[in-house]
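[1] How does the following fold in three dimensions:
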Amino acid sequence: MTLTRYNPFRSFEESGLQLFQDTLNRFFSEPATARPWTPHVDVLETENEIVVKADVPGIDEKDIDIKIENGALTLKGERKFEKEDREKGYHRIERGYGSFVRCFSLPESVDAEKVNAGYKAGVLTVTLPKREAAKPRSIKVSVN
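    As a prediction, the model looks like this:
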């Protein structure tokens, strides 16, 4: 009589679970330069404007493109990997490199003609002022 080792998860390993595990293993074994990345973004709305702040450290201003069209704000950019540093004996590369694109739908209250952008200490700040008609107004009601 032959002894066979019982594996209760065999049917899962042969199907989707094994495929999922292989995908994760491949993702973590590939160099970081092959992984996509997107900058983290904060969106703040005040009475007069909407402010979008994106963390884009290590990116030159010339490598960032900001567009507003069809009611959407699009941030595009690229963080380049310095090839000469690759020979320095890295043990780990965790920061993401390459191109990114972030798109945000804008309300109709935004005045696209007066948009302002600034870049300081690795943070891109896009200020989107609201139109005068969209700003809240307070009206006093007098009771007789």
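[2] quick one: the strands in this protein?
    For the chain, the strands defined by DSSP state E cover 41-45, 49-55, 64-69, 72-79, 98-105, 116-120, 123-129.
[3] check contacts around the nearest residue to Ala117 once chain neighbours are set aside.
    Nearest-residue entry for Ala117: Val126, 4.8 Å, with adjacent residues in sequence omitted and distances by C-beta to C-beta, 6 or more residues apart in numbering. Yep, even glycine has a C-beta here, placed from its N, CA and C like the rest. Residues near Val126 by C-beta atoms under 8 Å, 6 or more residues apart in numbering: 51-54, 66, 73, 75, 115-117.
[4] at 10 Å what do you get?
    By C-beta atoms under 10 Å, 6 or more residues apart in numbering, Val126 lies in contact with 41, 43, 50-54, 66, 68, 73, 75, 104, 115-119.
[5] For the strands of the chain, give me a markdown table that also has distance to Val141 and mean pLDDT.
    A markdown table is the format used below for these (distance: least, C-beta to C-beta, whole Å; pLDDT from 0 to 100):
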| stretch | distance to Val141 | mean pLDDT |
| --- | --- | --- |
| strand 41-45 | 27 | 95 |
| strand 49-55 | 28 | 96 |
| strand 64-69 | 38 | 94 |
| strand 72-79 | 38 | 92 |
| strand 98-105 | 35 | 90 |
| strand 116-120 | 36 | 94 |
| strand 123-129 | 29 | 96 |
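[6] among those strands, which is nearest Gln21?
    strand 98-105 (25.4 Å; C-beta to C-beta).
[7] that older thread, could you measure from the residue nearest to Ala117 over to Val52?
    4 Å (C-beta to C-beta, to the nearest Å).
[8] sorry, back to before: please produce CSV containing the strands of the chain, extended by distance to Asn25.
    Below are these laid out as CSV (distance: least, C-beta to C-beta, whole Å):
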stretch, distance to Asn25
strand 41-45, 30
strand 49-55, 29
strand 64-69, 34
strand 72-79, 25
strand 98-105, 21
strand 116-120, 38
strand 123-129, 34
